[in-house]
Structure formats: C-alpha cells, structure tokens
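J.: below are the sequence and a predicted model; questions follow.
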Amino acid sequence: MSAEGIFKIFKSPNLEIKSMTLEILTPEQKVFSGDVYGVQLPGISGLFEVLDKHAPLVSALKAGSLKILKDKNSTISYTIQSGFVEVLNNKTTVLVEGAIEK
C-alpha cells in the first residue's frame with residue numbers, strides 16, 4: 001500500500017476522536033471550559049456518562065465526584081456539590097453550588 005493510502009486510512013472520519021464542549025459553572029466562577037471526550041456525573045439516581053452527540057437532557061446532580069474525560073486516556077476529577085446539568089447541541093453545561101479539583 002502506498003504512503004498516500006496509509007495516510008487516508010489514518011484520516012478516516014471513523015477513527016477521529018469525537019469531542020463535545022463542556023462548561024462547569026458555580027455561582028462564583030467558571031471552573032472549567034473546553035472540548036472533552038466525555039464527562040461522568042453523579043445524578044440523583046446514580047452515576048451516568050455524557051459523550052459526543054448525546055441526546056438533549058436536563059438532570060439534577062447530587063454531591064459527589066465528577067470526572068472529565070479529556071480523551072480516552074486522561075481525566076480530571078472534581079468533587080462537586082449538588083446542582084444541575086443540561087446537554088443540548090453537543091454542549092454540556094454543569095451548574096453546581098461548588099466544585100473543587102481533586
């Protein structure tokens with residue numbers, strides 16, 4: 001296979017890492033803003049995960065651990081207080097009373 005053929009394989013849209021926009025806000029500040037692979041959240045009924053192109057959603061959150069999946073191999077964790085999350089048009093907005101990076 002030629003080098004050009006190999007390059008096309010690696011440029012394939014099926015191999016691209018998908019991303020969505022995430023914002024974490026408290027009443028005092030913007031804690032995080034950027035493109036991420038996904039986020040794990042402590043919903044009031046249990047832990048759930050939001051990834052690229054998730055269906056629209058609004059959910060209450062309980063105090064616990066929020067994990068940002070920067071890509072498939074790296075994460076950032078926060079301890080959050082209760083709040084809400086909204087997912088709309090590939091943007092996830094987390095509104096919480098407080099958030100501290102672990």
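T.: Perfect, thanks for sending it.

J.: so who does residue 25 touch?
T.: 31, 93, 94, 95, 96 (CB atoms under 8 Å, 6 or more residues apart in numbering). From N, CA and C alone the C-beta is placed, and that goes for glycine too.

J.: got the CA coordinates for the helix or strand hosting the fourth one in PDB?
T.: Mapping residue 95 onto the secondary structure by DSSP states H and E places it in strand 91-96. Output of strand 91-96 as PDB, limited to C-alpha atoms (Å, rounded to 0.1, in the frame of the first residue of the first chain):
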ATOM      1  CA  LYS A  91     -22.600  21.200  24.700                       C
ATOM      2  CA  THR A  92     -22.800  20.100  28.300                       C
ATOM      3  CA  THR A  93     -23.300  22.700  30.900                       C
ATOM      4  CA  VAL A  94     -22.900  21.800  34.600                       C
ATOM      5  CA  LEU A  95     -24.300  24.300  37.100                       C
ATOM      6  CA  VAL A  96     -23.300  23.400  40.700                       C
END
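
J.: which helices and strands does that strand pack with?
T.: strand 20-25, strand 38-43, strand 83-88 (3 or more CB pairs under 8 Å, 6 or more residues apart in numbering; DSSP states H and E).

J.: now residue 27: how far from residue 74?
T.: Distance, residue 27 to residue 74, by CB to CB, to the nearest Å: 28 Å.

J.: next: residue 47.
T.: In terms of CB to CB, residue 47 sits 19 Å off from residue 74.

J.: for residue 28, helix, strand, or coil?
T.: Assigned with DSSP: H, G, I helix; E, B strand; the rest coil, residue 28 falls in the coil class.

J.: for it, give its distance to residue 66.
T.: 17 Å.

J.: of the two, which one has the most company?
T.: residue 66 (26 against 9; other CB atoms under 10 Å).

J.: for that one, list each beta-bridge partner.
T.: residue 78 (DSSP bridges).
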